[in-house]
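Participant: My questions concern the predicted model and sequence given below.
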Amino acid sequence: MAKPLKTVPTFTASFWKRIGDEVSDRIQVHTKKGKDVSDANFSKYSQKYEDDKAAGKFRRQSSTSRKPDLTLTGDMLRNLQTRSANKEGVIIGWSGTDAQKVQWNADMGREITTTSKPVTTKTENWIDKQVGIRIDRNIKATNETKTFVIG
């Protein structure tokens, strides 16, 4: 007989930490491609900013791309990290001035994440798959098979 559902192992903080770290990486890669959370191209930079960035006129600049990729120094995207994880889930995000930069970019039409759509559809599907794999693994770990010999 199978064990009661209440004995099925739950998710762990380390599982959610791994998910949060991977989702942070996926958001960074997607953003550097110049795509927003809905997979549309980011709105253009102002012409002056685009020209100054292409000319390398900013301190600590690591990108000279004219394409909006939200990467001038790389600090803002690097600041996206797993902030906390427990057996219930994970919180990822930015802190301090980098969080303000994310909001300013959203106000300018370059949304990395939103309340209604926190991640891209592709990343959401990946999360669903990882959760499904873990659920299947947990169910198999608690499933017992009984063999009866008759006669």
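Facilitator: Right, received. Where do you want to start? Residues are numbered from 1 along each chain as shown.
Participant: The longest helix anywhere in the chain - contacts with which helices or strands?
Facilitator: Counting residues, the longest helix in the chain under DSSP state H turns out to be helix 121-142. Helix 121-142 sits against helix 13-32, with contacts defined as 3 or more CB pairs under 8 Å, 6 or more residues apart in numbering; DSSP states H and E. In short, each C-beta sits where N, CA and C put it, glycine included.
Participant: I'd assumed Leu72 was in contact with Asn105.
Facilitator: No - counting by CB atoms under 8 Å, Asn105 stays clear of Leu72, with 11.1 Å between them.
Participant: Can you work out which residues contact both of those two?
Facilitator: Residues touching both Asn105 and Leu72 (CB atoms under 8 Å, 6 or more residues apart in numbering): none.
Participant: contacting residues for the spatially most central residue of the chain?
Facilitator: Residue closest to the average C-alpha location in the chain (CA atoms, centre = their mean): Val23, at 2.6 Å. By CB under 8 Å, 6+ apart, Val23 lies in contact with 90, 92, 119, 123, 127.
Participant: and if you look at Thr64?
Facilitator: Per CB under 8 Å, 6+ apart, neighbours of Thr64: 53-56.
Participant: Now do the same contact list for the closest residue to Phe58 other than its chain neighbours.
Facilitator: Sequence neighbours aside, Leu72 is the residue nearest to Phe58 in space, at 5.9 Å (criterion: CB to CB, 6 or more residues apart in numbering). Going by CB under 8 Å, 6+ apart, Leu72 touches 53, 58, 61-63.
Participant: how about Thr82, secondary structure?
Facilitator: strand (DSSP: H, G, I helix; E, B strand; the rest coil).
Participant: what helix or strand is Ile91 on?
Facilitator: strand 89-93 (DSSP states H and E).
Participant: Can you list the strands that that strand pairs with?
Facilitator: Partners of strand 89-93 in the sheet, by DSSP bridges, are strand 81-86 (antiparallel).
Participant: so the partner strand versus helix 13-32, what angle?
Facilitator: 160 degrees (axes from the mean of the first three to the mean of the last three CA atoms, to 10 degrees).
Participant: so how far is strand 81-86 off the chain centroid?
Facilitator: 11 Å (CA atoms, centre = their mean, to the nearest Å).
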